[in-house]
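K.L.:
here's my sequence, what's the structure:
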Amino acid sequence: MVLLATNKWPTHVNNIPIRITKPKYIPNCFALVVRYVPSDMEPELVKEEIKRTIASANNIKLIHYSYERKSNDFKFTIMDLNEYNTALELGRISICNRWLTITPFLTGYRMTFCSKCWKIGHVRDQCKASLQCCRVCLGEKSKKEEHTCTKRQKCAQCGGEHHSLHSICHVIQQYRSDLKEDVNKALESGKLHRNDYTKQQHAFSMKDQDFPPLLELNKPRQATWNQIQTEVRTDDSSTHST
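P.N.:
This next block holds a predicted model:
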């Protein structure tokens, strides 16, 4: 199954022609991370190695951290579901003769917001607003009438001149801070458990035939150093006889 290849999808259902709307992007649930890539490797070389092993790998990007690290991590999405499951099950990928770890991509703390009124704290199904609001200007729009956006940004949280979910909003900043504190408390109390992918595994398994013994060939061997040689003497009379 190819997630974004519309040529794999049906064009008719019960002999009724249908139009396929191709997704614009692959969600993060189909994203993987290659970990512990040596920092001296060029990003373009790493991308080529990933594409060579996983043909449907797309949107390969270097993950930037706020602290200094000895190695790099690369995030990428996979369009082929079979390749995604295979890579996730294997858990390893070869890059420049290095056997590196592959883990699922875990997103950060997500805010709960409504895509109808653009306020935080609830989702669209729980929204009490009667009409859909424009994401930019918050103007109400109905399905019957086309909305003309004023292009003037307005925040649904504080009324400021910025997008409703922008990080500069003090309401959003406080919400993220409270969310992070609540998650940390849940982790400490044991209500939540974080998957630890930071420890690099060094387990090595070797099969019997990985390094088979060489066959001994019956070839004459040259005498080695520090080996006592047998002294050979010849008869002087025989050498000087005419």
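
K.L.:
okay but residue 30 is in contact with residue 80, surely?
P.N.:
No - under the criterion of CB atoms under 8 Å, residue 30 is not in contact with residue 80, lying 9.5 Å apart. Using the backbone N, CA and C atoms, a C-beta is placed for each residue, glycine as well.

K.L.:
identify the residues contacting the helix or strand hosting residue 72?
P.N.:
With elements taken from DSSP states H and E, the one containing residue 72 is strand 71-78. Identification of contacts with strand 71-78 by CB atoms under 8 Å, 6 or more residues apart in numbering yields 26, 28, 30-39, 41, 43, 46-47, 50, 54, 56-63, 65, 84, 87, 105.

K.L.:
swap in stretch 83-101?
P.N.:
Outside stretch 83-101, the residues that touch it by CB under 8 Å, 6+ apart are 30, 32, 34-38, 41, 45-46, 49-50, 53-57, 78, 102-104, 197, 200-201.

K.L.:
show me where the chain has its strands.
P.N.:
Remark: strands assigned in the chain by DSSP state E are 12-13, 16-17, 31-38, 57-62, 71-78, 92-95, 98-104, 132-133, 140-141.

K.L.:
residue 161 is nearest to which of those?
P.N.:
strand 132-133 (16.1 Å; CB to CB).

K.L.:
mind giving me the packing neighbours of that closest one?
P.N.:
In terms of contacts (3 or more CB pairs under 8 Å, 6 or more residues apart in numbering; DSSP states H and E), strand 132-133 is packed against strand 140-141.

K.L.:
from the chain's centroid, how far away is the strand it packs on?
P.N.:
Counting by CA atoms, centre = their mean, to the nearest Å, strand 140-141 is centred 39 Å from the centre of its parent chain.

K.L.:
who are the packing partners of the helix ranked longest in the chain?
P.N.:
If you go by DSSP state H, the chain has its longest helix at helix 170-189. Counting contacts by 3+ CB pairs under 8 Å, 6+ apart, helix 170-189 packs against no other helix or strand.

K.L.:
what are the buried residues along that helix?
P.N.:
For helix 170-189, the neighbour count (16 or more other CB atoms under 10 Å) marks 171-172, 175, 179 as buried.

K.L.:
so can I have JSON lines of those residues showing distance to residue 161 and pLDDT?
P.N.:
Formatted as JSON lines, those follow (distance: CB to CB, whole Å; pLDDT from 0 to 100):
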{"residue": "171", "distance to residue 161": "14", "pLDDT": "93"}
{"residue": "172", "distance to residue 161": "14", "pLDDT": "91"}
{"residue": "175", "distance to residue 161": "19", "pLDDT": "91"}
{"residue": "179", "distance to residue 161": "25", "pLDDT": "89"}
